[in-house]
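> Please find the sequence and the predicted model below.
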Amino acid sequence: MGTIFLRFGGCNLRCPGWPCDTLYAVLPEHRSEWTRGTAGKALSDAVASCREAGVANVCLTGGEPFIQNHEALEHIVRGLLDEDISVEAFSNGQVKYPDWAFELVNFVMDWKLAGSGNPATELTEQAIKRLKPTDAVKFVIKDRDDFEEAFRVWRHVIHETPAQWWAGVVWGDVEGNGQMSESDLVDLIQQNRLPWNLNVQVHKYLWPSDKRGV
């Protein structure tokens, strides 16, 4: 199933522990590159892009999409669903979500680990308890310490959510030794017999890692 990404500017986090791969959608100095528009315009553009590409799924991403006006987001989401276009969202798990979002949106929600510099909060645990079987909790793992933390978290909260579990590694170089590779992560998942899915940013292997719009 193909997907159109609707990317919003701005984020409530900075993740100082490893480099965000979409800083152009986060940092204020990039605001001149962002397009301002109404919810109606975003909806019509997203529908038109889906029709042109022949796909029927839109992913809300950022930055952090749920720091946007919730009424405007609801207008976009319900409008897409009315056009038989499903909606998912990549979100950092550290914002307050409106009730309608858990019903209408398929989430890929981060559980931030200590290596990110923005570890998960009570908001994260509250949110994942409301996720559906079609939703996912995602770990981004920097090193072995992050993996061990993710393992502990999973064992602690697995029975509190029906969501799927995904894990991937940090993209790009980080400070210090012991940065985890995808093959390292696969080995650990297999050794520990974890029912986790591997999250790989395939587009970064197909195109230059800083290429936008792919």
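Good, I have the coordinates.

> What's opposite the residue nearest to the spatial centre of the chain in the beta bridge?
Central residue of the chain (C-alpha atoms, centre = their mean): Phe90, 2.8 Å from the mean position. Per DSSP bridges, the residues bridged to Phe90 are Val108.

> Could I get the contacting residues of it?
Neighbour list for Phe90: 59-62, 65, 108, 110 [criterion: C-beta atoms under 8 Å, 6 or more residues apart in numbering]. The C-beta positions use only the backbone N, C-alpha and C, and glycine is treated the same way.

> In terms of pLDDT, where does it sit?
The model reports Phe90 with a pLDDT of 98.

> hey, which helix or strand in this structure has the poorest pLDDT?
For the chain, the helix or strand with the lowest mean confidence is helix 203-206, at a mean of 70 (criterion: mean pLDDT, DSSP states H and E).

> Confirm for me that Trp100 is in contact with Glu74.
Yes: counting by C-beta atoms under 8 Å, Trp100 touches Glu74, with 5.7 Å between them.

> Just the CA trace of the least confident helix or strand of the chain, in PDB.
In PDB, the C-alpha atoms belonging to helix 203-206 read as follows (Å, rounded to 0.1, in the frame of the first residue of the first chain):
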ATOM      1  CA  HIS A 203      14.200   5.300   1.500                       C
ATOM      2  CA  LYS A 204      17.500   6.300   2.900                       C
ATOM      3  CA  TYR A 205      19.100   3.400   1.100                       C
ATOM      4  CA  LEU A 206      17.300   4.100  -2.200                       C
END
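
> Roughly how far does Arg78 sit from Ser44?
Distance of Arg78 to Ser44, computed by C-beta to C-beta, to the nearest Å: 14 Å.

> Check Ile4 too.
Ile4 sits 13 Å away from Ser44, going by C-beta to C-beta.

> Looking only at neighbour counts, state which of the two leads.
Taking neighbours as other C-beta atoms under 10 Å, Ile4 and Ser44 compare with Ile4 leading, 20 against 14.

> For beta bridges, what are the partners of that one?
Beta-bridge pairing for Ile4 (DSSP bridges): Val58.

> Now do the same contact list for it.
Listed by C-beta under 8 Å, 6+ apart, the contact set of Ile4 reads 46, 49-50, 53, 55, 57-59.

> quick check, nearest of those to Pro133?
The closest of these to Pro133 turns out to be Asn57 (C-beta to C-beta; 17.4 Å).
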